[in-house]
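Student: here is my input; please provide its structure:
(one chain, ligands or ions: 1)
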Amino acid sequence: MNAAPALSLKSVTLTYPDGDRRLTALDAVSLDVAPGELVAVAGPSGSGKSSLLAVAATLLRPDEGRVAVAGQDTGAMSARARTALRRERIGIVFQQANLLPSLTAEEQLLAVEHVRGGARGVRSGVRGVRAARARAAELLESVGLDAAKRRRRPHQLSGGERQRVNIARALSGGPSVLLVDEPTSALDHERGERVVELLAAVTRAHGTATVLVTHDRALLGRADRVLTMADGRLR
Ligand SMILES: Nc1ncnc2c1ncn2[C@@H]1O[C@H](COP(=O)(O)OP(=O)(O)OP(=O)(O)O)[C@@H](O)[C@H]1O
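Tutor: Numbering: from 1, shown residues only. Next comes the predicted model:
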């Protein structure tokens, strides 16, 4: 690997309380993902895939090991610094699109931009709003939603289109790392395949270090690397 990894996990162990013992969900997992690289992680239910994403997203702190995002070690950070890093550097795509029912596709992106700008202390004047609209339109166009669809609300879009909005929203902050959890679980095979194709394309175009978790091995053809999770171990 030439470029420095945008996401780096070193010997990460994560346990959950399990009665009076601990269940090991991640067992000394190491993973480096370069900018512009799509890594797929396959594995059966309960093998630790969601736990891997939660640790990479800095939503859960590992018991042991090191997680670095965009070259920054997250272990030593305050909770506030970690939240800021997550907001600025990490895009997350969950299984369900979780779009707000009353907002159009374009407004879904503007809403997160507004929150992000507010957290940075940026006031959005008319010019700021116009620029944000143009950016949202461009991102939605790049995931294949034309002008008419960009003005639709979630219930007026197909499952695949909703997932495209979800991906565009995750990209809207210009993240270094894109974490994607079973994005095709609500889609049929063909639509699922197209979403994975799209993820491969945005990974190249935006230079994100992308980790895609799935239990469906048939969808892995587009990945640069395919790893397997079993009993908390990554191979
Ligand atoms: N909050 C929790 N508390 C206790 N155990 C948990 C918790 N979350 C997950 N686990 C356990 O940790 C292990 C790994 O779970 P994880 O959700 O990471 O697997 P997964 O591969 O994502 O599964 P799936 O494909 O079904 O979503 C499983 O044995 C699970 O039961």
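Student: if I pick Glu161, what's in contact with it?
Tutor: Neighbour list for Glu161: Ala105, Leu145, Lys149 [criterion: C-beta atoms under 8 Å, 6 or more residues apart in numbering]. C-beta: built from backbone N, CA, C; applies to glycine.
Student: what about it, distance to Ala186?
Tutor: As judged by C-beta to C-beta, to the nearest Å, Glu161 and Ala186 stand 12 Å apart.
Student: repeat that for Arg217.
Tutor: Distance, Arg217 to Ala186, by C-beta to C-beta: 18 Å.
Student: more crowded one of those two?
Tutor: A direct count of neighbours by other C-beta atoms under 10 Å for Arg217 and Ala186 places Ala186 higher, at 15 against 12.
Student: report the secondary structure state of the more buried one.
Tutor: Of the three states, Ala186 takes coil under DSSP: H, G, I helix; E, B strand; the rest coil.
Student: on that earlier part again, out of the contacts of Glu161, flag the one nearest to Val115.
Tutor: Ala105 (17.1 Å; C-beta to C-beta).
Student: the closest one: how many residues sit nearby?
Tutor: Ala105: 27 neighbours (other C-beta under 10 Å).
Student: so it sits against Val165, correct?
Tutor: Yes. Here Ala105 reaches Val165: they are 4.7 Å apart, a contact under C-beta atoms under 8 Å.
Student: returning to that earlier point: and the contacts of Glu161 as a markdown table, adding secondary structure and distance to Val196?
Tutor: Output for the contacts of Glu161, formatted as a markdown table (DSSP: H, G, I helix; E, B strand; the rest coil; distance: C-beta to C-beta, whole Å):
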| residue | secondary structure | distance to Val196 |
| --- | --- | --- |
| Ala105 | helix | 21 |
| Leu145 | coil | 17 |
| Lys149 | helix | 20 |
